[in-house]
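Colleague: Sharing a model that was predicted from the sequence below.
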Amino acid sequence: MIDLVAQYRDCRVAINESIQKVLESGCFILGSNVAALEQEVEEYLGVEHAVGVASGTDALVLALRALDDDWDGKEVILPVYTFFATAEAVLQVGATPVFVDVDPKTYCLSVKAVEDRITPRTRAVIPVHLYGHPVEMTPLLELARANDLKLIEDNAQAFGAEYSGQKTATLAHVGCLSFYPSKNLGAYGDGGMVVTNDSAVAERVRLLRTHGWRKKYVPEMIGFNSRLDELQAAILRVKLKHVDEWNVRRRHLAGQYSKGLGGLDLQLPCECPDARHVYHLYVIQVNERDRIQRGLEKAGVASAVYYPQPLHLSEPCQFLGYGKGEFPVAERASQETLAIPLYPEMSAEHLEIVIAAVKRTVCTPEFG
């Protein structure tokens, strides 16, 4: 699905030098590289504050905690079709997740569905820019303003994506980033970041990430140990210089896929008019998904299912009382979507092999 070693080879000299400098400095926690990366991300995204934390999941938890001290009895609306961490963060802070179905073309949350789920207990909405495609933010922002709701962008899969010419993660009250190794901007371990234009929120995240300290050993609140690692920050600073060219390459490869797979009996990824997709994943939707996946495996082609189960059917969310059939778009997507390989270093030859394997498997019912 992705060749991280190929990416390392392209940046090996700069990455090795950055790691060596950290090792020789003897400073490994909240050092100069974390501070520099925060500033560089602020400049890249055009935000006032970026605060490095230990993971994308922690970014969501700390963002929620920074916005409200007490979530008990309050609701947060989020898409039912996404990585579990989005709901997990809501549950971690004591709020109630309220799920909505997704758009059948982009798999991002349906704004109309959000409107229908707002209650007097609703305090926030978490739009997820899934697979690298932005949520339709303009009507969602209008809805949030009209109902006094906070928006927290889950931008884990969409670093560098744009909506109406503005970078995602900067459109709402708070944006949350993940630097998991496979992401468009990935570290060599876990890492995350909270970005915002709200100085008070940024200051609370800084306190929360370090045990509630402003001054060492003097806690002001109950916080977390959630600090972006200095080594990871150094690596990310090298990679940040390349992320735009990598995203351009992802978009090119996606275009080649869509051209090569056009006309087959399957749904290809789309890009809405106001969106700039960065193709963290290239996801097709097809009947007999499991047979197609078996056929690709026989052909030596990797594939992966994101995600095999909508959140409302997961074990930790059973207590919320949702039943099978409540979210038909997400439930169908969980049974029919399949990601095929896409990463910036992917060769034209590799891409043609994947296209040929998909064509053969889709067009040959007995294969798989």
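Modeller: Yes, it's here. Every value quoted in this text rests on a predicted model; they were computed, and no experiment measured them.
Colleague: In this protein, mark out all the helices, start to finish.
Modeller: For the chain, the helices defined by DSSP state H cover 4-25, 32-45, 56-67, 85-92, 111-117, 137-146, 199-209, 230-240, 243-261, 289-298, 328-336, 348-363.
Colleague: can you redo the ones you listed as CSV with mean neighbour count and distance to Glu220?
Modeller: C-beta coordinates here come from the backbone N, C-alpha and C atoms, glycine included. Shown next, in CSV, are these (neighbours: other C-beta atoms under 10 Å; distance: least, C-beta to C-beta, whole Å):
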stretch, mean neighbour count, distance to Glu220
helix 4-25, 14, 29
helix 32-45, 18, 21
helix 56-67, 26, 13
helix 85-92, 22, 21
helix 111-117, 16, 35
helix 137-146, 16, 30
helix 199-209, 20, 6
helix 230-240, 22, 24
helix 243-261, 17, 35
helix 289-298, 18, 51
helix 328-336, 18, 41
helix 348-363, 16, 53
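Colleague: among those, which is nearest Asp274?
Modeller: helix 137-146 (7.4 Å; C-beta to C-beta).
Colleague: Please work out the average pLDDT along that closest one.
Modeller: The average of the pLDDT scores along helix 137-146 is 97.
Colleague: what residues does that helix touch?
Modeller: 111, 114-115, 118, 125, 127, 149-151, 163-164, 168, 171-172, 274 (C-beta atoms under 8 Å, 6 or more residues apart in numbering).
Colleague: Would you check the distance separating it from the middle of the chain?
Modeller: Counting by C-alpha atoms, centre = their mean, to the nearest Å, helix 137-146 is centred 21 Å from the centre of its parent chain.
Colleague: center of the protein - which residue?
Modeller: Ala156 (2.2 Å; C-alpha atoms, centre = their mean).
Colleague: who are the neighbours in contact with it?
Modeller: Ala156 neighbours (C-beta under 8 Å, 6+ apart): 56, 83, 85, 128, 176-178, 180, 183.
Colleague: at 7 Å what do you get?
Modeller: 56, 176-178, 183 (C-beta atoms under 7 Å, 6 or more residues apart in numbering).
Colleague: where does the protein have low pLDDT?
Modeller: By pLDDT under 70, the low-scoring segments of the chain are 368.
Colleague: Break it into its domains for me.
Modeller: 4-240, 243-363 (automatic domain parsing).
Colleague: Show me how far the last one is from its chain's centre.
Modeller: Right, domain 243-363. On C-alpha atoms, centre = their mean, the centre of domain 243-363 falls 15 Å from that of its chain.
Colleague: Give me the number of neighbouring residues for Gly321.
Modeller: Number of residues near Gly321 (other C-beta atoms under 10 Å) recorded here: 8.
Colleague: start at 18 instead
Modeller: With 18 as the first residue, the last one maps to Gly338.
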